[in-house]
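K.L.:
Next input, structure requested:
(chains A and B)
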Amino acid sequence: MELLKIQNVKKVYTTKLGFNQCVALKNVSFSVSEGEFVAIMGASGSGKTTLLNIIASLDKPTSGQVLLAGTPFSSIRDRDLSKFRRDNLGFVFQEFNLLDTFSLKDNILLPLVLSQTPVKEMEARLEPVASMLGIRHLLSKFPYEVSGGEKQRAAVARAVITEPRLLLADEPTGALDSKSSVELLENFSRLNREAGRTILMVTHSAMAASYAGRVLFIKDGDIFAQLYRGEEDNRGFFDRIVGNLSVLEDGGSSNG
Amino acid sequence: MGKGFYRKLAWANVRRSREVYLPYLLAAAIIGGVYFLVVGMAFADKLSGIPGGDNARMLFAMGTTVFTIFAFCFLFSINRFLVKRRKREFGLYGVLGLSKGHVARILLWENAMVLLGGLALGILFALVLGKLLFLLLLKLMRALPSLEFSPSPVAYVAITGLFGAVYLATSAYNLAQVHLSNPIQLLQSERRGERDSRFLLPKALLGALLLGAAYYFAWTIQNTGLAMGVFFLLVLMVIFATYLLFNAGSIAILRLLRANKGFYYKPTHFVTISGMFHRMRQNASSLATICILSTMLTVTLTGTLSLYLGQEETLGPLYPYDVRYYIIQGEEPNPDITPAAIDAFLAQEAQKQGLLMTGEADSRLVFTERTQDEGYGQPIEGFEVVYADSDWQPLPHSVYLDGNLYFDLAGDGEACLAFVEEIPALMSAAFQVPAEDYGQVRDIFTARQDGYGLYGGLLFLGAFFSILFLAVAVLMLYFKQITEGYEDKDRFAILQKVGMEQRQVKKTINAQVLWVFFLPLLMTILHMVFASKILTRMLGAFQMNNWGLVLACAAGITGGFALLYLLAYKLTARVYYRLVRWGVGK
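P.N.:
Predicted coordinates:
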């Protein structure tokens, strides 16, 4: 079933006086089915973060539209957007975005508290999520007391505890060492396979992308190509992604 | 490295962080300017010429010592606060390859620039505003505004000495900060975790106990001497208790709230309580300091203003009549100098000056404190005789000996004063008697003039201290807003990304900011209520016993201060909201 649909999304940034226009996204269309794990790859400046912000409803497209489970974002009133995000989307960011003022437990519970969940239910939901991500023993610690990988796992817990329809990850391994990255990506695969979570991840790392089921390549504001994993293992998929990336690079230099 | 490299780098630093340095510079200028004026007035020769001027000068001279200490401590602690915030920057310099010696040289330059700027600006302030303030002082002292303020050279020496000492002390502190640490530690210093201090509950309880005891004594002590004796001790208790309550008490209360899960896990409570934890851990000490400074300011001003406004009240019981003219007749009175003759003569002289001597025979009373048994003679003919003790109560069998002529004078106050001062000379000339025997005049006009000199000077000094306290309190408020603005910026963005509505974020943040802002003010008002009582007792030493007046002054001053504080908040909050900007973006 189609969960997310991006239709002809265009995003143009205009400087204050309107002299310079910068086209971040030209005309992007694609869709994500329920239960998919999709990675979006591209160099910096390719427009991938703009795309993610639009999908996250943090930014609005200049034209075109985004639909989540058939609901167009443009039909949601501004003041309902926060609630919509809270109920439907989970976010994992490169820089973790945990609040120093909360313990890990409270950080994870934050979205549930915001939607006024009863205390008992919150604690019941926390337990399995924390166990799955291996941070049960760290719950009472504060973000500055744990490692980067542990912080990011707490951030993932915060993103999935609301059981969102779509999990959005923006360079989730960007600030992690390779061991923590692998651990995190394995957590993502498990969330995808075992818990059936739909994940959309933006990354520039071929290693990270090789954990996904499908990779979209974006370049200069356009979808340039896409690869399906099929039955391939991570290693083989990784090689194909790297191969595709070099094509992307060549194309870039020949186009000038 | 090239010539002037460090100077240029330091100048670039100062300019780049002008939103921190500019207020520092201003505060240094205000502190310096006020200091300059206090010293300038303490040593102003011209003040000694005017009535009550010596009283004022003496006060300023005493004020100078206290002022020097305050000014030094304030400037030093502002610097300490700024340097602590910059540890990361020092670390970065180290990583970039500047040695500690290089960093030290940059800091020395920066420090010199800011303090020199403050010194110059302060003297400028003082010279520009000095004339105006001097006129104001003369007005408070009810002296003729004919004098020009020209600061004594001592003031230039003193202010240079003060800033020099501050430069040496702050530089030594800053260098120690740089030398005692290594780059990695410095880089990480801002990210260090916040842990609650130990013995939280005992500390909070001790604070409450100390404050309660101090309040109890302040409220119940009846005796002026005792009040004076313990006042300083009570002040120390209140200061200590304030720090304890802000530091430990606030955290203890927040912990209790957090322990109540049903209460804590509600959207607004959740964010507000955790935010308050952070804010109180970060700011408790500076909030307590703001509270203490505010209380000092309001107590000083209330005390001095009450004395100034209550002067007539204190003079009243001391001078039932405007003038007491004391005539020593001895055991063999001169029959020519009858009260009637003196009376007629003085009334006539008064009239020449355009003054009206009032109080007919019935109010011209003669008192004696000696009794018949002591063997004195008959009263002088024409004086009404009242036998009295020192409380103006007639005594049985007391007999007149020497005479006191009591009368009121109506007319221009300065003419009255001039007339009263002339009485001995006039008498001596008219009756051919030695002036010293007929020169005992005690009058309300001289006392009033002396009082204005003393209390006006005190009020003025109180106002100067208040400016000092206010400048520092506002500066701390401002720094607090900047620090929080930078930190909250990230926090808001995260809260919104996680799905909190912008409106809700604003609401909880505003609540926190207001709490932090109002806490010192509320505490100040509470301190003031209790201080007003013991203040009245202490003012009893000046015959000032009107609690109502003190309370009214306290209310007026505290209200005025609250308005100023609000204004300061409004101004500094703008900086805060500009930093925060509420946006989701990075």
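K.L.:
Could you identify the helix or strand that succeeds the host helix or strand of B:Phe81?
P.N.:
Mapping B:Phe81 onto the secondary structure by DSSP states H and E places it in helix B:53-85. Next in sequence after helix B:53-85, counting helices and strands by DSSP H and E, comes helix B:87-96.
K.L.:
Does anything pack onto that next one? Which helices or strands?
P.N.:
Counting contacts by 3 or more C-beta pairs under 8 Å, 6 or more residues apart in numbering or on different chains; DSSP states H and E, helix B:87-96 is packed against helix B:100-140, helix B:153-179, helix B:183-188. (C-beta placed from N, C-alpha, C; glycine too.)
K.L.:
Which parts of the chain are strands?
P.N.:
Chain wasn't specified; assuming chain A. Per DSSP state E, chain A carries strands over the ranges A:2-14, A:21-33, A:37-41, A:63-68, A:71-72, A:89-92, A:166-170, A:198-203, A:214-219, A:222-228.
K.L.:
meant chain B, my bad for not saying
P.N.:
For chain B, the strands identified by DSSP E occupy B:323-327, B:356-358, B:365-368, B:384-387, B:403-410, B:440-443, in order along the chain.
K.L.:
returning to that earlier point: output the strands of chain A as JSON lines; include the columns mean neighbour count.
P.N.:
As requested, the strands of chain A are arranged in JSON lines below (neighbours: other C-beta atoms under 10 Å in any protein chain shown):
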{"stretch": "strand A:2-14", "mean neighbour count": "16"}
{"stretch": "strand A:21-33", "mean neighbour count": "16"}
{"stretch": "strand A:37-41", "mean neighbour count": "25"}
{"stretch": "strand A:63-68", "mean neighbour count": "17"}
{"stretch": "strand A:71-72", "mean neighbour count": "12"}
{"stretch": "strand A:89-92", "mean neighbour count": "25"}
{"stretch": "strand A:166-170", "mean neighbour count": "23"}
{"stretch": "strand A:198-203", "mean neighbour count": "24"}
{"stretch": "strand A:214-219", "mean neighbour count": "23"}
{"stretch": "strand A:222-228", "mean neighbour count": "16"}
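K.L.:
looking at the ones you listed, which is closest to chain B?
P.N.:
Proximity to chain B, assessed across the strands of chain A by C-beta to the nearest C-beta, is greatest for strand A:89-92 (5.9 Å).
K.L.:
Quick one: mean pLDDT over the closest one.
P.N.:
Strand A:89-92 comes out with an average pLDDT of 89.
K.L.:
ok, and does it reach over to chain B?
P.N.:
Yes. For a cut-off given as C-beta under 8 Å from any C-beta of the partner chain, strand A:89-92 has contacts with chain B, namely A:Phe91.
K.L.:
for residue 237, what are its contacts?
P.N.:
Just so you know, I chose chain A. A:210, A:227, A:229 (C-beta atoms under 8 Å, 6 or more residues apart in numbering or on different chains).
K.L.:
right idea, wrong chain: chain B
P.N.:
Each residue near B:Met237 by C-beta under 8 Å, 6+ apart is listed here: B:210-211, B:213-214.
K.L.:
Excluding residues flanking it in the chain, which one is nearest whichever residue of the stretch 51-200 of chain A sits closest to chain B?
P.N.:
Residue nearest to chain B within the stretch 51-200 of chain A (C-beta to the nearest C-beta): A:Arg86, separated by 3.1 Å. Leaving aside its chain neighbours, A:Arg86 sits nearest to B:Gly499 (3.1 Å; criterion: C-beta to C-beta, 6 or more residues apart in numbering or on different chains).
K.L.:
I figured the one you found hits A:Asp80, correct?
P.N.:
No. Contact criterion C-beta atoms under 8 Å: B:Gly499 and A:Asp80 do not qualify, at 11.5 Å.
K.L.:
Can you give me every residue that contacts B:Gly411?
P.N.:
For B:Gly411, counting by C-beta under 8 Å, 6+ apart, the contacting residues are B:350, B:353-356.
K.L.:
thinking again about what came up before, can you list the helices and strands that the helix holding B:Phe81 packs against?
P.N.:
If contacts are counted by 3+ C-beta pairs under 8 Å, 6+ apart, helix B:53-85 sits against helix B:18-42, helix B:45-49, helix B:100-140, helix B:153-179, helix B:457-498.
K.L.:
model confidence over the third one, on average?
P.N.:
Read that as helix B:100-140. When the per-residue pLDDT values of helix B:100-140 are averaged, the result is 86.
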